[in-house]
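Trainee: sequence below, structure please.
(one chain, ligands or ions: 2)
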Amino acid sequence: MDLKVLLTGSGGREHALAWKLAASKRVQQIFVAPGNAGTASEDKISNLDVDVMDFAAQIEFARREKIDLVIIGPEAPLVAGVVDQFEQAGIACFGPGKAAAQLEGSKTFTKNFLKKYQIPTARYGSFEDVDLAIEFTKNMSLPMVIKADGLAAGKGVVIVHSLDEAEFIIRDMLSGHAFGEAGARVVIEEFLEGEEASFIVIADGEHYLPFASSQDHKAAFDGDMGPNTGGMGAYSPAPVVTDEISRKIMEEIITPTLSGMRDLGHPYTGFLYAGLMIDADGNPKVIEFNCRFGDPETQPIMMRLKSDLAELCLAALDGNLAATKIEFTDEVALTVVVAAGGYPGDYAEGDVITGLDQTAPGKIFHAGTTLDRGEVRSRGGRVLGVTGTGKTVALARAAAYDLIEGISFSKMQYRTDIGYRALVREDAL
Ligand code: AMP
Ligand code: GLY
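Mentor: Ligands and ions are numbered 1, 2, ... in the order given. Below is the predicted model:
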């Protein structure tokens with residue numbers, strides 16, 4: 001009971017990480033900046049009213065409180081170089097530095113990187129010039145995918161079905177500045193067929209340990225219809241990632257990525273999230289990298305993690321993962337995101353949420369919530385990550401939806417089919 005931890009962020013990912021850190025025998029206290037009503041209500045955890053991008057205030061707090069370990073939740077501070085700043089201040093901070101975080105911060109960096117190190121990904125071109133970009137589309141088959149280069153909160157990706165549509169989107173991104181700085185460059189790529197999965201590892205610059213596989217649902221509505229969101233639900237394990245595919249992902253993607261980053265002089269320490277497309281022959285290709293844990297994937301994965309998360313982060317900072325083990329329960333964990341009505345478009349905030357004190361079997365993680373004079377209110381698009389566990393997908397899913405039955409706030413919205421692909425595979429057994 002000696003470690004004091006500072007974790008930055010305020011989403012479901014951060015509630016799940018903080019909750020898991022609190023379970024560590026070595027952790028005395030966790031501060032979450034700024035946190036949510038969920039982190040405010042857990043033993044050993046308190047919120048700190050500091051913005052995720054206010055690095056100076058975080059460093060000052062860490063010095064004053066003698067924080068032993070800082071963990072960064074979201075991508076924006078990592079891409080902006082928060083880890084380098086903590087390092088300069090002599091404070092242990094877990095996450096990739098600015099140069100390594102380019103794996104999420106710039107799609108052009110990543111596509112060039114993947115090509116250089118022969119890591120499987122969709123064929124692509126990267127352009128700042130409108131005419132060159134439009135010319136390139138003429139040699140691509142349809143549908144094709146057009147992406148803003150920089151961070152666009154999961155919204156800078158458009159799948160187009162005609163050349164006219166491609167031209168419209170390219171003009172909108174490059175000259176219309178639809179995504180500001182993030183859209184000053186576009187990546188145009190081949191559309192990949194298959195099933196998506198998330199494969200997340202913890203890396204120490206050289207070695208890594210894989211977390212259990214997971215899969216999320218990015219579309220807003222049932223049947224994967226509607227606009228893309230940050231993620232409406234997730235579960236672990238993802239049955240599409242068999243042991244053999246898992247080995248392939250490590251050999252063909254994760255290992256060469258970490259050795260490539262070392263070769264470039266940017267060794268990667270932190271959580272590394274590979275968003276993959278797995279084709280009908282079981283071959284994985286990289287869709288994207290994220291330089292942080294997934295949200296909502298964190299919630300089901302932390303439910304299943306048996307190992308001590310604080311020890312894992314410290315071992316990674318010490319370059320010691322080769323001598324460390326990671327273990328998971330055999331259970332399935334499944335998270336259904338409960339969002340505010342209207343998300344990912346406009347939505348209301350400030351609605352009182354009831355039914356949050358239910359316990360078994362699972363865990364209600366908070367995301368966009370705030371504590372207001374003893375009442376929990378909504379503050380954000382994704383409000384809760386309601387997580388069920390069970391021996392099968394069907395049981396974990398029933399547990400999650402049972403918990404949701406007891407929860408209520410004005411215009412709450414959620415998908416009723418989270419885990420349907422895994423259920424189909426389970427039923428086929
Ligand atoms: P990204 O921000 O690059 O992860 O893209 C967001 C989503 O768009 C992904 O999760 C996929 O569902 C879809 N997507 C992106 N790139 C491709 C691609 N090349 N082929 C098929 N789907 C894609
Ligand atoms: N669930 C997708 C992500 O975290 O990027």
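Trainee: got any ranges where the stretch 201-350 of the chain has weak pLDDT?
Mentor: Scanning the stretch 201-350 of the chain for pLDDT under 70 picks out no residues.
Trainee: now the strands for it?
Mentor: For the stretch 201-350 of the chain, the strands defined by DSSP state E, counting those that start in this stretch cover 208-210, 215-216, 219-221, 225-228, 233-236, 269-278, 284-290, 332-340.
Trainee: pick the most buried one from those strands.
Mentor: Among those, ranked by average contacts under mean count of other CB atoms under 10 Å, first place goes to strand 233-236 (a mean of 30). For glycine as for every other residue, the C-beta is placed from the backbone atoms N, C-alpha and C.
Trainee: close to ligand 1, is that one?
Mentor: No - using CB under 6 Å from any ligand atom, strand 233-236 stays clear of ligand 1, coming no nearer than 12.3 Å.
Trainee: contact partners of that strand?
Mentor: 198, 212-217, 294, 296-297, 299-301, 303-304, 332-337, 393, 396-397, 414-415, 418-419, 422 (CB atoms under 8 Å, 6 or more residues apart in numbering).
Trainee: touching ligand 2 at all, that strand?
Mentor: No - applying CB under 6 Å from any ligand atom, one finds strand 233-236 separated from ligand 2 by no less than 6.5 Å.
Trainee: got the contact list for stretch 199-208?
Mentor: Residues outside stretch 199-208 that contact it (CB under 8 Å, 6+ apart): 209-211, 213-214, 241, 246, 249, 253-254, 258, 262, 267-274, 276, 284, 293-294, 297, 301, 312-313, 315-322, 326.
Trainee: in TSV: the strands of the stretch 201-350 of the chain, plus distance to Val383.
Mentor: Output for the strands of the stretch 201-350 of the chain, formatted as TSV (distance: least, CB to CB, whole Å):
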stretch	distance to Val383
strand 208-210	30
strand 215-216	17
strand 219-221	14
strand 225-228	18
strand 233-236	13
strand 269-278	23
strand 284-290	22
strand 332-340	5
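Trainee: among the contacts of stretch 199-208, which ones are in helices?
Mentor: Counting by DSSP state H, those place 246, 249, 258, 262, 301, 312-313, 315-317 in helices.
Trainee: which residue ranges of the stretch 51-200 of the chain form helices?
Mentor: Assigned by DSSP state H, counting those that start in this stretch, the helices in the stretch 51-200 of the chain fall at 55-64, 75-79, 82-88, 102-105, 107-116, 130-137, 163-174.
Trainee: quick one: mean pLDDT over stretch 115-130.
Mentor: Mean pLDDT, stretch 115-130: 95.
Trainee: in it, what counts as buried?
Mentor: Under the neighbour-count criterion of 16 or more other CB atoms under 10 Å, stretch 115-130 has 119-122, 124-127 buried.
Trainee: next: stretch 79-95.
Mentor: The neighbour-count check on stretch 79-95 (16+ other CB under 10 Å) flags 79-86, 89, 91-95 as buried.
Trainee: nearest to ligand 1: which residue in the stretch 301-429 of the chain?
Mentor: Nearest residue of the stretch 301-429 of the chain to ligand 1: Pro344, at 12.8 Å (CB to the nearest ligand atom).
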